[in-house]
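> Build the 3D model from these lines:
(2 chains)
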Protein chains: 2
Amino acid sequence: MSTAEAPAAAVGVPDPVLIRGTGLLGTSIGIGLSAAGSTVLLHDPSPSASGVAQDIGAGVAVDLDGDALRDTPPVLVVVAAPPDVTAAVVVDSLRRWPGAVVVDIASVKEGVARAVREAVERGEISAADADRHLGTHPMAGSERSGPVAARGTLFTASPWVLCPEPTTAPAALAAGEALARVLKATPTRMDAQAHDEAVALISHLPQIAASLVAARLQDTADASLALAGNGLRDTTRIAASDPQLWVQILAGNAERIVPALRSLRDDLDGLLDVLEEPAAPGARLGIARLIAEGNAGRARIPGKHGTPPQAFAVVTVVVDDAPGQIAALLEAVGRTGVNVEDLRLEHASGHRAGMVDVSVLPGCKDELVSALADAGWKVV
Amino acid sequence: MSTAEAPAAAVGVPDPVLIRGTGLLGTSIGIGLSAAGSTVLLHDPSPSASGVAQDIGAGVAVDLDGDALRDTPPVLVVVAAPPDVTAAVVVDSLRRWPGAVVVDIASVKEGVARAVREAVERGEISAADADRHLGTHPMAGSERSGPVAARGTLFTASPWVLCPEPTTAPAALAAGEALARVLKATPTRMDAQAHDEAVALISHLPQIAASLVAARLQDTADASLALAGNGLRDTTRIAASDPQLWVQILAGNAERIVPALRSLRDDLDGLLDVLEEPAAPGARLGIARLIAEGNAGRARIPGKHGTPPQAFAVVTVVVDDAPGQIAALLEAVGRTGVNVEDLRLEHASGHRAGMVDVSVLPGCKDELVSALADAGWKVV
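Numbering: from 1, shown residues only, chains lettered A, B, ... in the order given. Okay, the predicted model is just below:
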């Protein structure tokens, strides 16, 4: 294959680009590539979805069989379709545009690769066609969905996993890397199985756990829910995610999720046995072991920038929730010039005051505390 | 009983106060009461713990059998001992100081009330003694522990549940309410069973789920963990909690946790069945149902100030993580004067840039966006 006919508007990204599927991710890619100077064409089975995507600057909506694509066929096709139909759209794209690299961004990778191989076995595409395909997964998203939630920087500072097969064409891999870099993500190579096992643990199990906990709250009394703190809010945030999308993700990665979920269920059964007789010999050891194993696993999650989790010093400031108070505090914190590592507003029910936790490197804590106290803030 | 001999230094809080147990919560109460003008005495089985608490301004460490307490017996005893020994310390305190109100703050309430009744049945204390006891639970805490993490405002803007029995003395209830108010918490009455059922759902189940998910990460490859995003971080944050404390909480509330955990396990078993044959008829419906039920439960968690969850508009700003960049952004946001509802730093591995999500009321979004853009910030 040749990409000689493809002047790279965005550095290294073949041009023009056709994005198939204008949900949150496809539209965000379109916005980012358009901003970088690429010629972006958009298609979605729902004309209103591709119309919205065009309206917010993701590219130009086209018909699959229209003049635009016949006159200027795409040199890069980004398949951002729902997980269930990704493989079919990849195969269709490989057939339609024999000169194009086809990159998909579905969040489960083995199934797509398998379906492409099967299409070769069935004679729908050639082995050379299959080599123009690259499976990828940008590790970005949101519990929000649809083109309206899209933003060109959705991928900024996130990993973007590339899963080349041994026979993947170098140009396909290069296009995937360029796509990730132009969108300011960090390309990371991984084989499809390792990727699917990883996301089962770091993405799909947390989603299942959050949904299972949140599902228990459907019939809880309001007075009980009023006691909820940040622990419950954080643990269940992703329970707000889209059921249609997650059906496809969980079904698509069932083979890798099941072993992890069985191991979780075994621990849960053990805990239930123990809690049914909490005074039995060894019961407390069983509970302590589970919490300690959670400690050990939690401690392995890297902090920002892939560095080991770091103990930041936390400075807590009490604020009234009157209009402008938090804004004034942010201004005051900013004026100190201390580098803020994280900042967290703590809310609680039934009260018009709040606390702000500002995380800084331990060596900066005293400076921040005295600067804020001098400015009249109530620092704890 | 009479509290006539107890001039209230902190409004309504009997004086002097003895705090038994100087961990995170007991020390935080001591700091808050001392700051409000109360005479605070401290005791802990570990002299080094009460010594640290004294050093950081929580009160004066005393011997239980020493002159200080003999000369000036406490009029309010706050039992902030570990959950396992709370009931014994409550009964001991009711026996030692017949003029005192005894308030405990253990996070499970039915067991303490039952143990106090049993002490009456065994003749260790009188029924009138038991009436001087009030069970309470401040809904505050931290995944950090120990006196060093203590702060006087730990309870600010949080609910503080009071669980009076029908026979509880009005003076005991009044002391508990005053204690909560002086520490700027919101007193909330609830019966012990309703409290224990509520915390099983909103606190203990999330802890178990977070620990179960985090425990799976113990042997995960570093390359897989490097893909982790805020979803995993949020879902497992409380998995960092103290095993010794949680053994006591989970064992102490086992009776209320087990039904909720069984219902969660049933849903989990159903999901496992479905994932083992994701192509079977009805399988996808089963997955969608779980995620949708999670949506429904999640939507019931109130937002700040007990108001219904509100859809805020989110303004996203891209920043380099160079020193001072986030500080400068905070200053700029503050200078706009727009009331910030929440602020979230999004980090990712292997990258020196980040995104800041600023949540504001939808009506304020345009003002914030244009003010930040005018100031040269990269707003999405």
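> Make sure A:Lys267 is indeed in a strand.
Not Lys; residue A:267 is Asp. No - going by DSSP: H, G, I helix; E, B strand; the rest coil, the assignment for A:Asp267 is helix, not a strand.
> my read: it touches A:Leu290, true?
Yes - A:Asp267 is in contact with A:Leu290 according to Cβ atoms under 8 Å; the separation is 6.1 Å. In this view, the C-beta of every residue, glycine as well, is placed from N, C-alpha and C.
> Those two - which one has more neighbours?
A:Leu290 (25 against 20; other Cβ atoms under 10 Å in any protein chain shown).
> if I look at the more buried one, how far off is chain B?
Noted for A:Leu290: a distance of 6 Å to chain B, by Cβ to the nearest Cβ, to the nearest Å.
> Tell me the confidence at that residue?
With respect to pLDDT, A:Leu290 scores 92.
> Next, the contact list for it, please.
Taking Cβ atoms under 8 Å, 6 or more residues apart in numbering or on different chains, we find A:Leu290 in contact with A:Asp267, A:Gly270, A:Leu271, B:Ile208, B:Ser211, B:Leu212, B:Ala215.
> Buried ones in stretch A:125-133, by neighbour count?
Residues A:Ile125, A:Asp129, A:Ala130, A:Asp131, A:Arg132, A:His133 are the ones in stretch A:125-133 that count as buried (16 or more other Cβ atoms under 10 Å in any protein chain shown).
> What's the local residue count around A:Asp374?
Neighbour tally, A:Asp374, other Cβ under 10 Å: 11.
> again but with A:Leu69, I slipped
Neighbour tally, A:Leu69, other Cβ under 10 Å: 18.
> List the contacts of it.
Contacts of A:Leu69 by Cβ under 8 Å, 6+ apart are A:Leu18, A:Leu41, A:Val62, A:Asp63.
> Please report how far it lies from chain B.
30 Å.
> mind checking the backbone torsions on that residue?
A:Leu69 adopts backbone torsions of phi -70, psi -30, taken as degrees, to the nearest 10.
> returning to what we had before: the contacts of A:Leu69 into a markdown table, with extra columns for pLDDT?
Converted to a markdown table, those look like this (pLDDT from 0 to 100):
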| residue | pLDDT |
| --- | --- |
| A:Leu18 | 98 |
| A:Leu41 | 97 |
| A:Val62 | 97 |
| A:Asp63 | 95 |
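> Which two of those residues have the greatest separation?
The largest distance within the contacts of A:Leu69, taken as Cβ to Cβ, falls between A:Leu18 and A:Asp63 and amounts to 11.5 Å.
> Now do the shared contacts for these two.
Shared contacts of A:Leu18 and A:Asp63, counting by Cβ under 8 Å, 6+ apart, come down to A:His43, A:Leu69.
> So for these two, which sits in the more crowded spot?
It is A:Leu18, of A:Leu18 and A:Asp63, that has more neighbours when counted by other Cβ under 10 Å, with 27 against 12.
> following the helix or strand of chain A with the lowest mean pLDDT, which helix or strand comes up?
The helix or strand of chain A with the lowest confidence, counting by mean pLDDT, DSSP states H and E, is strand A:342-346 at a mean of 68. Going down the chain from strand A:342-346, the next helix or strand is strand A:353-360, by DSSP states H and E.
> What is the distance between that next one and the centre of its chain?
26 Å (Cα atoms, centre = their mean, to the nearest Å).
> mean confidence for that strand?
Rounded mean pLDDT across strand A:353-360 is 72.
> then it to CSV, C-alphas only?
Extracted in CSV, the C-alpha atoms of strand A:353-360 (Å, rounded to 0.1, in the frame of the first residue of the first chain):
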residue,chain,number,x,y,z
ALA,A,353,-20.4,25.4,54.4
GLY,A,354,-17.8,23.2,52.9
MET,A,355,-14.2,22.1,53.0
VAL,A,356,-11.6,22.3,50.3
ASP,A,357,-8.7,19.8,50.5
VAL,A,358,-5.7,21.1,48.6
SER,A,359,-2.9,18.5,48.0
VAL,A,360,0.6,19.7,47.6
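> Averaged pLDDT, the very next helix or strand once past it. What do you get?
Following strand A:353-360 in sequence order, the next helix or strand is helix A:365-374 (DSSP H and E). Helix A:365-374 carries an average pLDDT of 87.
> Repeat that for stretch A:315-328.
In the prediction, stretch A:315-328 has an average pLDDT of 72.
> For chain B, see how far away A:Arg256 is.
Using Cβ to the nearest Cβ, we find A:Arg256 at a distance of 10 Å from chain B.
> Please name the nearest non-neighbouring residue to that residue.
A:Ala200 (4.1 Å; Cβ to Cβ, 6 or more residues apart in numbering or on different chains).
> Wasn't A:Thr236 part of a helix?
Yes - assessed with three-state DSSP, A:Thr236 lies in a helix.
> Can you give me the pLDDT of the spatially closest residue to it that is not a sequence neighbour?
Closest residue to A:Thr236 apart from its sequence neighbours, by Cβ to Cβ, 6+ apart: A:Ala214 at 4.3 Å. Looking at A:Ala214, its pLDDT is 95.
> got it, and A:Ala68?
On the pLDDT scale, A:Ala68 gets 91.
> can you tell me the helix or strand for the residue nearest to A:His204 when sequence neighbours are not counted?
Nearest residue to A:His204, sequence neighbours excluded (Cβ to Cβ, 6+ apart): A:Ile257, at 5.2 Å. Using DSSP H and E, A:Ile257 falls within helix A:254-276.
> Quick one: mean pLDDT for that helix?
Per-residue pLDDT values across helix A:254-276 average out to 96.
> which outside residues touch that helix?
Helix A:254-276 is contacted from outside by A:110, A:193, A:196-197, A:199-201, A:204-205, A:208-209, A:250, A:280, A:283, A:286-287, A:290, A:293, B:208, B:212-213, B:215-216, B:250-251, B:254, B:257-258, B:261-262, B:264-265, B:268-269, B:271-272, B:275-276, B:278, using Cβ under 8 Å, 6+ apart.
> Put the buried members of those residues into a ChimeraX selection.
Those of these that count as buried under 16+ other Cβ under 10 Å are selected in ChimeraX with:
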select /A:110,196,197,199,200,201,204,205,208,209,250,283,286,287,290,293 /B:208,212,213,215,216,250,251,254,257,258,261,264,265,268,271,272,275,278
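> Pop the domain breakdown of chain A in here.
A:17-190, A:197-276, A:313-379 (automatic domain parsing).
> so which of those comes closest to B:Val85?
Closest among the domains of chain A, using Cβ to Cβ: domain A:197-276, at 20.2 Å.
> gap between the closest one and the chain center?
17 Å.
> list the contacts for the residue sitting nearest the centre point of chain A?
Nearest to the mean C-alpha position of chain A, by Cα atoms, centre = their mean, lies A:Ala140 at 2.6 Å. Neighbouring residues of A:Ala140 by Cβ under 8 Å, 6+ apart: A:Leu25, A:Ser28, A:Leu154, A:Phe155, A:Ser158, A:Ala185, B:Gly229.
> Tell me how far it lies from A:His195.
Distance, A:Ala140 to A:His195, using Cβ to Cβ, to the nearest Å: 15 Å.
> ditto for A:Gln244
A:Gln244 is 22 Å from A:His195, by Cβ to Cβ.
> Same question for A:Ala88.
21 Å.
> neighbour count winner among those two?
Taking neighbours as other Cβ under 10 Å, A:Ala88 and A:His195 compare with A:His195 leading, 28 against 14.
> residues contacting the more buried one?
A:Lys109, A:His137, A:Val161, A:Cys163.
> quick check, the residue nearest to the centre of chain A in a helix?
No - read with three-state DSSP, A:Ala140 is coil and lies in no helix.
> from the contacts of A:Leu69, which ones fall inside helices?
Of the contacts of A:Leu69, none are assigned to helices by DSSP state H.
> Out of those, which are close to chain B?
Near chain B, judged by Cβ under 8 Å from any Cβ of the partner chain, there are no entries from the contacts of A:Leu69.
> possible to save the residues you listed as CSV with distance to B:Met355?
As requested, those are arranged in CSV below (distance: Cβ to Cβ, whole Å):
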residue, distance to B:Met355
A:Leu18, 28
A:Leu41, 28
A:Val62, 31
A:Asp63, 35
